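# my questions are about this predicted structure, shown below with the sequence.
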2 protein chains.
Amino acid sequence: MTHPDLTHPETLRAEIRAGRFKTMTSGVGGNALQANLAILPAEDAADFLRFCQMNPQPCPLLGVSEPGDPRLPVLGQSIDLRHDVPKYRVWEHGELVDEPHDIADVWREDLVAFAIGCSFSFEAALVEAGIVLRHQENDTVVPMYRTGLQTRPAGRFSGPVVVSMRPMLPRDAIEAVRICDRFPLAHGAPVHIGDPAQIGIRDLFDPEYGDAPEMRDGEVPVFWACGVTPQAAIAQARPAFAISHAPGYMLVTDIPAPQAQRRLASV
Amino acid sequence: MTHPDLTHPETLRAEIRAGRFKTMTSGVGGNALQANLAILPAEDAADFLRFCQMNPQPCPLLGVSEPGDPRLPVLGQSIDLRHDVPKYRVWEHGELVDEPHDIADVWREDLVAFAIGCSFSFEAALVEAGIVLRHQENDTVVPMYRTGLQTRPAGRFSGPVVVSMRPMLPRDAIEAVRICDRFPLAHGAPVHIGDPAQIGIRDLFDPEYGDAPEMRDGEVPVFWACGVTPQAAIAQARPAFAISHAPGYMLVTDIPAPQAQRRLASV
């Protein structure tokens, strides 16, 4: 028996759908764009859509489904959001109630799905440019922080901008701004370089999410708006019902990551 | 009698040529690209051309004249380099011997002129983006430093990269990288942000050229490769004969500064 080609997004999603691929999606799907997923009832969806549109750097919208329709053809003809993510999280009134591998049984006719860009795309471009990413080198999770920067609120959705941090030499930080600026659908250019206190981070070595960083001589912390921001806004809003991907278990699209360099046609 | 329109480059150069405009060119010429000027005998010109091409960030070449030809049509049909700069400097064996307003009497059939991009273009773009430049605000000369970074040598031309520094809040520094990266003919993106010692600058408040900076709370120093670099390389090479513009008395071209966003056709 031959192994399925997990660098091919459609093959990978078929494996996920069949329940044979249940692990994190880092390193699979070839160079396909991966997405954060948020699913909300229609009654909350309009506010959340506005929230994303007003905060494009932490919440770059890749695609929004029709209400009740589990497909997202703009990101892949064969995508079925009920089955195609390896692990979901189901929330009720802000409480985590389940972590299923499939959400067909809880799918509803009023649900709207939001696919939101993630950092994988720009990280691949940085690595291609010869920049070593510390969290990859150390096999840790990138550190993430709640900041004093506030999102623009929309209806019940609001809260702090969450940022991820990658330590770099200044020359790499400059190169990272140049590169990431080309990826508006993957959070774009960094939002801050240098003193963490300037954006309300009290302790660089005690992140709210991910692992504590290792900083080396001459390096500066470089901060990017992070896809945890919309998750934090949903957690804070405590909607009656919501579904998200489990952290690290992303939606793998058919879109080649380099296309995150421009707005997708339908967004 | 009406006053000539000094925002029009051709009118401005006619005034300079007639000896009626003898001051610095900052703020005149409208949005036309201004250039550093270096003129060398043919025997040194080939090495210097190579030097510029190997060090495009400090020495972005806008145009090179034919040997003996004082015109530079690629930058302006009416340009005559013997008359069109308000103040020149004439060098012999590395010593400054004269500061004339016209060089017709010392022009030679073996001279080659180099027009090199300057920071005025990107500064205008930064100001347009709402970034306040401290040296403009304080009406001082931008501080410039010899660094520990070395140019790539070519023949007798070599030496340190000279940088200019503008203090900024980190968010403006990030924006400045994004903006200046679009101006490769005006030194491009910064070469360093933060700790001056990392690029061999011992005292930020004691620049080799220009005025000492004022740094305010929360600001970081942002460093750009500077057009003084080729001048320093020429001074170090001590060619038998050379002519340059006097600092601040630039060659005003016909090229609209926004075109510094791409390589000029003939470069």
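The structure has been received and is ready for your questions.
# quick one: end-to-end distance for stretch A:179-193.
Distance across stretch A:179-193, first residue to last, is 15 Å (C-alpha to C-alpha, to the nearest Å).
# from the chain's centre, how far out does that stretch sit?
Average the C-alpha atoms of stretch A:179-193, do the same for its chain, and the two points are 14 Å apart (C-alpha atoms, centre = their mean, to the nearest Å).
# stretch A:131-141 now?
Here stretch A:131-141 shows a centroid-to-chain-centroid distance of 18 Å under the convention C-alpha atoms, centre = their mean.
# does it come close to chain B?
No: counting by C-beta under 8 Å from any C-beta of the partner chain, no contacts exist between stretch A:131-141 and chain B, the nearest distance being 14.6 Å. All C-beta atoms are positioned from the backbone trio N, CA, C, and that covers glycine.
# just the buried positions in that stretch, please.
Using 16 or more other C-beta atoms under 10 Å in any protein chain shown as the test for burial, stretch A:131-141 gives A:131, A:133-135.
# A:R146 bridge partners, please.
Listed by DSSP bridges, the beta-bridge partners for A:R146 are A:V162.
# I'd say it and A:A233 touch.
No: applying C-beta atoms under 8 Å, one finds A:R146 not in contact with A:A233, separated by 11.5 Å.
# comparing the two, which residue is more hemmed in?
A count of neighbours by other C-beta atoms under 10 Å in any protein chain shown puts A:A233 above the other of A:R146 and A:A233, at 27 against 19.
# how about the secondary structure of the residue of the stretch 51-200 of chain A found nearest chain B?
Taking C-beta to the nearest C-beta as the measure, the point where the stretch 51-200 of chain A comes nearest chain B is A:V177, at 4.1 Å. Reducing the assignment at A:V177 to three states with DSSP: H, G, I helix; E, B strand; the rest coil gives helix.
# confirm for me that it is in contact with B:E175.
No: here A:V177 does not reach B:E175: they are 9.1 Å apart, not a contact under C-beta under 8 Å.
# separation between A:A113 and B:T140?
To B:T140, A:A113 is 56 Å away according to C-beta to C-beta, to the nearest Å.
# where along the stretch 51-200 of chain A do the strands fall?
Remark: strands assigned in the stretch 51-200 of chain A by DSSP state E, counting those that start in this stretch are A:61-64, A:88-92, A:95-98, A:111-117, A:144-150, A:160-168, A:192-193.
# reformat the ones you listed into CSV and put mean pLDDT next to each item.
As requested, those are exported to CSV (pLDDT from 0 to 100):
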stretch, mean pLDDT
strand A:61-64, 93
strand A:88-92, 96
strand A:95-98, 94
strand A:111-117, 96
strand A:144-150, 96
strand A:160-168, 97
strand A:192-193, 98
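# distance to B:P70 added to those strands, as TSV?
Shown next, in TSV, are the strands of the stretch 51-200 of chain A (distance: least, C-beta to C-beta, whole Å):
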stretch	distance to B:P70
strand A:61-64	57
strand A:88-92	73
strand A:95-98	77
strand A:111-117	54
strand A:144-150	55
strand A:160-168	47
strand A:192-193	46
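# against A:H101, how distant is A:H245?
Distance, A:H245 to A:H101, using C-beta to C-beta: 11 Å.
# ditto for A:P258
Remark: distance between A:P258 and A:H101 (C-beta to C-beta) = 30 Å.
# what sits up against the helix or strand of chain A with the lowest mean pLDDT?
Taking all helices and strands of chain A together, the one with the lowest average confidence (mean pLDDT, DSSP states H and E) is helix A:120-128, at a mean of 86. Around helix A:120-128, the neighbours that count as contacts under C-beta atoms under 8 Å, 6 or more residues apart in numbering or on different chains are A:26, A:31, A:33-34, A:133, A:136, A:176, A:179-180, A:182-183, A:185-187, A:224, A:250, A:257-258, A:260.
# among the buried residues of stretch A:131-141, name the ones in helices.
A:134-135 (DSSP state H).
# dump the buried residues of stretch A:131-141 to TSV, plus pLDDT.
As requested, these are exported to TSV (pLDDT from 0 to 100):
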residue	pLDDT
A:I131	95
A:L133	95
A:R134	95
A:H135	93
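# nearest to A:D5 among the buried residues of stretch A:131-141?
Each of those was scored against A:D5 by C-beta to C-beta, and A:L133 proved nearest at 25.7 Å.
# the closest one against A:P167, yeah?
No: in this structure A:L133 lies outside contact range of A:P167 using C-beta under 8 Å: 9.2 Å.
# which of the contacts of helix A:120-128 are buried?
A:31, A:33-34, A:133, A:176, A:179-180, A:182-183, A:185-187, A:224, A:250, A:257, A:260.
# tell me the least confident of the residues you listed?
Ranked by pLDDT, those bottom out at A:A260, which has 67.
# double-check that A:L37 belongs to a helix.
No: counting by three-state DSSP, one finds A:L37 to be strand, located in no helix.
# and the closest residue to it other than its chain neighbours, how far from A:P230?
If you skip the residues right next to it in sequence, A:L37 has A:H245 as its closest partner in space, 4.3 Å away by C-beta to C-beta, 6 or more residues apart in numbering or on different chains. Separation of A:H245 from A:P230 (C-beta to C-beta) stands at 12 Å.
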